[in-house]
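# turn this into a structure:
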Amino acid sequence: MKEKERLIISHLRKDARSSLASISFDIKMPISTIYDKINRFQKDKTIRKQVALIDFRKLGYHHHTKLALQVPRLQKQSLQEFLTNHSAINSIHEINSDYDFMVETVHKDIKEYLDFIETLNESFDITNKQEFQIINDLAREKFV
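Got it, this is the predicted structure:
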């Protein structure tokens, strides 16, 4: 990636609502060129989507967890479908190191989280699980 393209991405990572004019002014590139590059980034899926970063606590969700999960190979697909369709799941990653998935969950409180874990344990043969309670977001979506 060329330096100017990296700078465009960097501006969008800081604020996806940055105007083309402000990006153009900062990096000294014509607006039409920036527009074309952003369209290309969207077309080739370099930019997959634009989202807002949420402070979950301000929405009433006070329990935030990352889970590393492993299940028997035959249950992996059904666990993935369960997690993909569950409303408390913010992100899912397929991982290695004796685990299948790293899952980010968001719940209103510990009771709601424990109910989720109980459903998970009743529905799947979880062979390995690590839980990490998120205390505070120090940095997110910071790369570039």
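# if we ignore the residues flanking it in sequence, what's nearest the most centrally placed residue in the chain?
The centre of the chain sits closest to S91, judged by Cα atoms, centre = their mean, with a distance of 4.9 Å. Excluding its sequence neighbours, the residue lying closest to S91 (Cβ to Cβ, 6 or more residues apart in numbering) is E104, at 4.3 Å. All C-beta spots, glycine's among them, are computed from the backbone N, C-alpha and C.
# and if you look at K66?
The nearest residue in space to K66 (Cβ to Cβ, 6+ apart) is F132, at 4.3 Å.
# show me this structure divided up by domain.
Following automatic domain parsing, one gets these domains for the chain: 3-43, 56-133.
# can you give the distance from the last one to the centre of its chain?
Spelled out, that is domain 56-133. 14 Å (Cα atoms, centre = their mean, to the nearest Å).
# ok, back up a step: can you list the strands that the host helix or strand of the residue nearest to S91 pairs with?
E104 belongs to strand 101-107 when assigned by DSSP states H and E. Looking at strand 101-107 with DSSP bridges, its partner strands are strand 63-70 (antiparallel), strand 89-94 (antiparallel).
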